[in-house]
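Student: mind looking at a prediction? Sequence and model below.
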Amino acid sequence: MERFLTDDRTLSWLVLGLATVGVITALGGADGNIRPLLVVAYLPFVVRVAVPRFPTWVALLATTVVAVLAASRDPQSEGVFFLSIIGVVPVMASDPHRARAYSASALALGAPAVAWLVTSDRSEALGWPFWCMGTLLTVVMGALLFRQRTLTDQLIEARQQLTDQAVADERRRISRELHDLVGHSLSVVMLHVTGARHLLRRDVDEAERALIEAERAGRASLVEIRHAVGLLRDAEGFGTAPTPGVGDLADLVDEYRRGGMDVGLDVHGVSAAVDGVTGLTIYRLTQESLANVAKHAPEAITTVDISVGSDQTTVEVASTCRDRPLPAQPGGMGIVGMTERARALGGDLTAGPTATGWLVTARLPHVRAEAGIDRPQPA
């Protein structure tokens with residue numbers, strides 16, 4: 001329905017219907033010698049419907065020329081100008097070459113005056129001013145229809161761009177979530193497997209316990225991944241399940257400790273003051289940072305420092321390498337994903353090497369503090 005009046009096919013049929021009424025009316029009052037000209041003036045409308053690619057401006061010029069010939073020979077057949085008047089509409093409404101459309105319409109606009117000038121008997125004067133005014137009206141109406149067509153096309157294009165952007169954003173979000181889940185899961189599993197490999201010849205029992213822990217972590221990760229994928233498939237259920245936050249960081253750090261990493265956790269401030277959105281972001285940033293440490297420097301000493309302030313939380317994950325060169329900067333999507341998460345909350349994140357290892361620092365504003373929910377109410 002958005003393009004009903006500006007659709008070329010619909011407009012051609014509508015104009016043909018009006019032209020049919022007009023030519024029948026003109027035939028009734030025209031001289032017998034003029035009637036063939038009226039039929040010829042009507043034919044371009046039929047051709048336009050039968051051949052959609054037939055140029056509208058050619059049809060208008062053909063109708064206008066024939067109308068001038070008919071009216072100049074018999075002023076009583078001046079109703080033929082009704083055909084040129086309605087022929088202006090599809091030209092102005094659909095021709096993308098605006099200069100050509102306005103030129104053809106200008107010729108149709110001046111046609112009644114030309115017919116009056118060349119008529120043999122001006123005593124039976126044509127009502128050319130009224131026909132010119134009628135043509136001018138259809139020029140304006142056609143221009144408005146073209147404007148509507150342009151705005152409709154822009155609206156459809158903008159809507160498609162918004163749809164594509166929403167799809168791209170959703171893909172990035174899903175990619176980020178799965179990257180965090182899979183990266184964390186594999187890092188923990190690989191820590192236990194590596195520990196089991198080193199202990200296999202020295203302490204079989206301890207190696208078995210490491211493998212059992214790897215199996216447990218793998219199964220737990222599979223459950224979490226399936227749960228996340230299920231939520232992504234079910235749009236109505238997405239976001240209803242509990243999401244991890246600052247209170248779950250201890251379990252996250254313990255999981256890496258059981259894998260053999262030296263990780264410490266310090267939380268300063270009241271963690272309950274952190275809203276759910278910021279808490280989830282803190283958890284994901286810490287999870288990804290520890291996964292990067294497990295991948296690039298599992299023997300490093302790592303500290304996770306969470307400082308909860310009144311309006312923002314600062315996250316620092318620092319790794320110190322003891323007996324190996326400075327690790328290379330991690331590549332891939334990890335740092336990019338963490339930066340996007342921080343920026344989504346209006347915060348910032350920096351990650352890079354230090355003199356002794358690697359440091360990730362994120363400053364995240366509290367969503368509720370920005371919205372005014374946590375602000376004290378006046379007495």
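Tutor: Nice, thanks for sending it over. Residues are numbered from 1 along each chain as shown.

Student: quick one: the strands in the stretch 251-379 of the chain?
Tutor: Assigned by DSSP state E, counting those that start in this stretch, the strands in the stretch 251-379 of the chain fall at 262-268, 301-308, 312-320, 348-353, 357-365.

Student: make JSON lines from those and add mean pLDDT, distance to Val293 and mean neighbour count to it.
Tutor: From N, CA and C alone the C-beta is placed, and that goes for glycine too. Below are the strands of the stretch 251-379 of the chain laid out as JSON lines (pLDDT from 0 to 100; distance: least, Cβ to Cβ, whole Å; neighbours: other Cβ atoms under 10 Å):
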{"stretch": "strand 262-268", "mean pLDDT": "91", "distance to Val293": "8", "mean neighbour count": "15"}
{"stretch": "strand 301-308", "mean pLDDT": "92", "distance to Val293": "5", "mean neighbour count": "18"}
{"stretch": "strand 312-320", "mean pLDDT": "92", "distance to Val293": "5", "mean neighbour count": "21"}
{"stretch": "strand 348-353", "mean pLDDT": "90", "distance to Val293": "12", "mean neighbour count": "15"}
{"stretch": "strand 357-365", "mean pLDDT": "91", "distance to Val293": "7", "mean neighbour count": "21"}
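
Student: as a markdown table, the ones you listed with distance to Val51 would be great.
Tutor: Putting those into a markdown table (distance: least, Cβ to Cβ, whole Å) gives the following:
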| stretch | distance to Val51 |
| --- | --- |
| strand 262-268 | 76 |
| strand 301-308 | 73 |
| strand 312-320 | 68 |
| strand 348-353 | 62 |
| strand 357-365 | 64 |
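
Student: give the contact list for Trp13.
Tutor: Trp13 is in contact with Val49, counting by Cβ atoms under 8 Å, 6 or more residues apart in numbering.

Student: got the domain boundaries for this structure?
Tutor: 8-161, 245-374 (automatic domain parsing).

Student: can you put those in a markdown table and add distance to Gly195?
Tutor: As requested, the domains of the chain are exported to a markdown table (distance: least, Cβ to Cβ, whole Å):
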| stretch | distance to Gly195 |
| --- | --- |
| domain 8-161 | 51 |
| domain 245-374 | 5 |
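
Student: wait, what's in contact with Val91?
Tutor: By Cβ under 8 Å, 6+ apart, the neighbours of Val91 are Thr56, Trp57, Leu60, Ala101, Ala104, Ser105, Gly142.

Student: report the separation between Gly347 and Pro353.
Tutor: 22 Å (Cβ to Cβ, to the nearest Å).

Student: out of the strands of the stretch 251-379 of the chain, nearest to Pro44?
Tutor: strand 348-353 (66.2 Å; Cβ to Cβ).

Student: what separates that closest one from the chain centre, distance-wise?
Tutor: 30 Å (Cα atoms, centre = their mean, to the nearest Å).

Student: hmm, back to that, of all the strands of the stretch 251-379 of the chain, which one is nearest Gly337?
Tutor: strand 348-353 (10.2 Å).

Student: I'd like to know which elements the closest one is packed against.
Tutor: helix 334-344, strand 357-365 (3 or more Cβ pairs under 8 Å, 6 or more residues apart in numbering; DSSP states H and E).

Student: low-confidence ranges, this structure, go.
Tutor: 1-7, 26-33, 76, 120-126, 170-171, 173-188, 192, 219-242, 322-333, 367-379 (pLDDT under 70).

Student: of all residues in it, which one is nearest the centre?
Tutor: Closest residue to the average C-alpha location of the chain: Leu162 at 2.1 Å, with Cα atoms, centre = their mean.

Student: thinking again about what came up before, possible to save the helices and strands packed on strand 348-353 as a markdown table with distance to Arg48?
Tutor: Compiled in a markdown table, those are given as follows (distance: least, Cβ to Cβ, whole Å):
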| stretch | distance to Arg48 |
| --- | --- |
| helix 334-344 | 54 |
| strand 357-365 | 62 |
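
Student: and the residue nearest to the centre of the chain, how far from Leu151?
Tutor: 16 Å.

Student: same check, this time on Ala106
Tutor: 25 Å.
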